[in-house]
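Q: the following block contains a protein sequence and its predicted model.
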Amino acid sequence: MTANRSSSRIRFALAHPLFSEKFKSEQLNVPYQPKGRGATRKETPSERFKRRLRDSKAKTRGGVWWRMSPYYAWFECLRRSEPYRKCCENGGSGPLSDLFVDFGDVFQTDFKEWWRSRGETLFGEPPSPREVRSIKLSELEEFRSSIELEQTLLVCVPSGAKKEDAVRAFRLEIGKWKGTVGRGTYRKKGQSRAEQSKARYRPQSGSVINVGAILNDLRVLDLYRAAVGKSKWEGVAKEMRSVAKDRWRQEDDEKYDPETERIRVWRSRKNAEALIKNVEKGLFPIYAKRLLQ
């Protein structure tokens, strides 16, 4: 039993990018709506932070506005890799030549064009059935890869078997194949969608990625690279206070501390550098220093 291939759609371990403007307005301009008593009160800084953090974490089901997709953050990290830039300038030759074969020249295109030409193939799950049905012997080859990757279970039912016996046996085979987790999804218990993924490139840290924090770290790195002078962090912090007022304390804030700002710039820069270094290995998002060697 398997599914009709014509009815299948590309599936992803994480939220895939959507480019229609309607998704931008739906997902980025959601007004604050307090619940319960005091519903007319203003949003507190803590509530605003939690809401934006929740909104910036891409969900695994469906798609999101493309700037909120983890795959966009992956793409942007690769675009900031100097070794990969040199590889692209040399026509794909060099230590990162294998990565170039898959990702291509990301510096000569935008994310939308790159996603449709390469991204869907790199991050999409292999074709698999979407509905239960019987297949003919001539169709078996079509689903071979899906069966080998354990995305499809092939069950043989003798024509002479009783219906009750066949149903009972089918239930047992499903249970032995993989435990039921979620609605209509068969995967091992305790296994996340990302860990279950059979895509050529898959995320390494589970099913939820804070895209907003990653893009914020990349912005800090960009500003730091462009800064001049001995105290680069001061210029970076000043710029971040102007473009991300809700995330960075202003100088007139009584809790403002220059040393804290310096450490924050340093931490964001190191996070971005670790992300980029590991993206060169096809791993994302990983901050671990041990993988930088």
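A: All right, it came through fine. The model shown is predicted, which means the values in this text are computed figures rather than measured ones.
Q: count the neighbours of Phe103 for me.
A: 22 (other CB atoms under 10 Å). (Each C-beta comes from the backbone N, C-alpha and C, glycine too.)
Q: which ones are touching it?
A: Contacts for Phe103 (CB atoms under 8 Å, 6 or more residues apart in numbering) come out as 78, 118, 122.
Q: so the first one makes contact with Val106?
A: Yes - taking CB atoms under 8 Å as the contact criterion, Leu78 and Val106 are neighbours in contact, 5.6 Å apart.
Q: which of the two has more residues huddled nearby?
A: Leu78 (22 against 19).
Q: output the contacting helices and strands for the host helix or strand of that one.
A: Leu78 belongs to helix 70-79 when elements are defined using DSSP states H and E. Applying 3 or more CB pairs under 8 Å, 6 or more residues apart in numbering; DSSP states H and E, we find helix 70-79 packed against strand 16-18, helix 111-114, helix 211-226, helix 258-279.
Q: please name the nearest non-neighbouring residue to Val236.
A: In space, and not counting its chain neighbours, Val236 is closest to Leu223: 4.4 Å by CB to CB, 6 or more residues apart in numbering.
Q: I'd assumed Glu239 was in contact with that neighbour.
A: Yes - at 5.3 Å, Leu223 and Glu239 qualify as touching, with contact defined as CB under 8 Å.
Q: more crowded one of these two?
A: Between Leu223 and Glu239, counted using other CB under 10 Å, the more crowded position is Leu223 (21 against 18).
Q: give me the mean pLDDT for stretch 229-241.
A: For stretch 229-241, the mean per-residue pLDDT is 80.
Q: same check on stretch 165-177?
A: 82.
Q: before we move on, what about stretch 79-89?
A: 96.
Q: now what about that stretch, what contacts it?
A: In contact with stretch 79-89 (CB under 8 Å, 6+ apart) are residues 78, 93-97, 99-100, 105-108, 218, 221-222, 272, 276-277, 279-280.
Q: show the buried residues in the residues you listed.
A: 78, 96, 99-100, 106, 218, 221-222, 272, 276-277, 279-280 (16 or more other CB atoms under 10 Å).
Q: any chance of these in a markdown table, with distance to Glu89 too?
A: A markdown table is the format used below for the buried ones among the contacts of stretch 79-89 (distance: CB to CB, whole Å):
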| residue | distance to Glu89 |
| --- | --- |
| Leu78 | 14 |
| Leu96 | 12 |
| Leu99 | 14 |
| Phe100 | 11 |
| Val106 | 12 |
| Leu218 | 21 |
| Leu221 | 21 |
| Asp222 | 20 |
| Ala272 | 22 |
| Ile276 | 17 |
| Lys277 | 19 |
| Val279 | 18 |
| Glu280 | 15 |
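Q: quick one: low-confidence ranges for the stretch 1-150 of the chain?
A: 1-9, 24-43, 45, 48-61, 128-130 (pLDDT under 70).
Q: helices of that one, start to end?
A: 21-28, 45-56, 70-79, 82-89, 97-103, 111-114, 120-123, 144-148 (DSSP state H, counting those that start in this stretch).
Q: give me whichever of the ones you listed is most buried.
A: Among the helices of the stretch 1-150 of the chain, helix 70-79 has the highest mean neighbour count (mean count of other CB atoms under 10 Å), at a mean of 24.
Q: how long is stretch 76-96 end to end?
A: 17 Å (CA to CA, to the nearest Å).
Q: repeat that for stretch 141-149.
A: Where stretch 141-149 begins and where it ends lie 14 Å apart, using CA to CA.
Q: not counting its neighbours along the chain, what's nearest Trp114?
A: Val106 (6.1 Å).
Q: enumerate every residue touching the one you found.
A: Taking CB under 8 Å, 6+ apart as the test, what Val106 contacts is 75, 78-79, 84, 88, 114.
Q: distance-wise, check it relative to Ser117.
A: 11 Å (CB to CB, to the nearest Å).
Q: what do you get for Pro158?
A: 47 Å.
Q: returning to what we had before: from the helices and strands packed on helix 70-79, which stretch is densest packed?
A: strand 16-18 (a mean of 22).
Q: where does Asp257 land on pLDDT?
A: Predicted confidence (pLDDT) for Asp257: 77.
Q: that older thread, who's in contact with the residue nearest to Val236?
A: Leu223 neighbours (CB under 8 Å, 6+ apart): 235-236, 239-240.
Q: just those now: which is nearest Pro70?
A: Each of the contacts of Leu223 was checked against Pro70 using CB to CB; the closest is Met240, at 22.3 Å.
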